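Undergrad: output the structure for:
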Amino acid sequence: MAQSATLATNTIAPITIRRLGAFFGAEVTGVDLSRPLDEAMVKAIAEAHATHEVLVFPRQQISAEDLKRFGRYFGELTVHPFSTNAADLRTFAAAPRALRKPVRLR
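TA: Numbers count the residues shown, from 1 in each chain. Below you'll find the predicted structure:
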């Protein structure tokens with residue numbers, strides 16, 4: 001079931017995207033989210049998100065600021081109206097609008 005693809009980018013190491021499930025989900029390795037990303041890396045991650053919908057970045061040690069910087073690569077961050085996060089961390093309570101997809105209920 002797992003399928004891997006290695007993507008060349010302008011960074012020191014290429015990233016690897018390994019499909020996790022039959023329908024959606026992928027593991028992304030070879031990226032350090034504690035550092036700023038170049039345009040090629042952001043594009044590769046955005047394409048992986050569009051393909052797999054859910055991305056897992058294992059073994060990352062990131063701060064709240066790192067998480068906000070990462071989210072901003074994909075659009076303006078918004079606060080979920082029912083967020084219970086601390087006031088100084090509220091800006092990353094929800095995914096950027098550009099990454100959200102409408103959900104159809106059957």
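Undergrad: how much space between Cys38 and Glu53?
TA: Careful, residue 38 is Asp and not Cys. According to C-beta to C-beta, to the nearest Å, Asp38 stands 24 Å off from Glu53. Where C-beta positions appear, they are placed from N, C-alpha and C, glycine not excepted.
Undergrad: now do the buried residues in the helix or strand Thr51 falls within.
TA: Using DSSP states H and E, Thr51 falls within helix 39-52. Buried residues in helix 39-52, counted by 16 or more other C-beta atoms under 10 Å: Met41, Val42, Ala44, Ile45, Ala48, His49, His52.
Undergrad: count of neighbours near Asp38?
TA: When neighbours are defined as other C-beta atoms under 10 Å, Asp38 has 12 of them.
Undergrad: can you pull out the helices in the protein?
TA: For the chain, the helices defined by DSSP state H cover 39-52, 64-72.
Undergrad: report the angle between the last one and helix 39-52.
TA: Put simply, helix 64-72 runs at 70 degrees to helix 39-52, going by axes from the mean of the first three to the mean of the last three C-alpha atoms, to 10 degrees.
Undergrad: can you list the domain ranges for this protein.
TA: 1-59, 62-106 (automatic domain parsing).
Undergrad: can you flag the weakest of those by average pLDDT?
TA: Note on the domains of the chain: domain 62-106 shows the lowest mean pLDDT, a mean of 67.
Undergrad: strands of the protein, start to end?
TA: In the chain, the segments counted as strands under DSSP state E are 4-7, 15-19, 26-29, 55-56.
Undergrad: got a markdown table for these, with distance to Gly71 too?
TA: Compiled in a markdown table, these are given as follows (distance: least, C-beta to C-beta, whole Å):
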| stretch | distance to Gly71 |
| --- | --- |
| strand 4-7 | 21 |
| strand 15-19 | 18 |
| strand 26-29 | 15 |
| strand 55-56 | 13 |
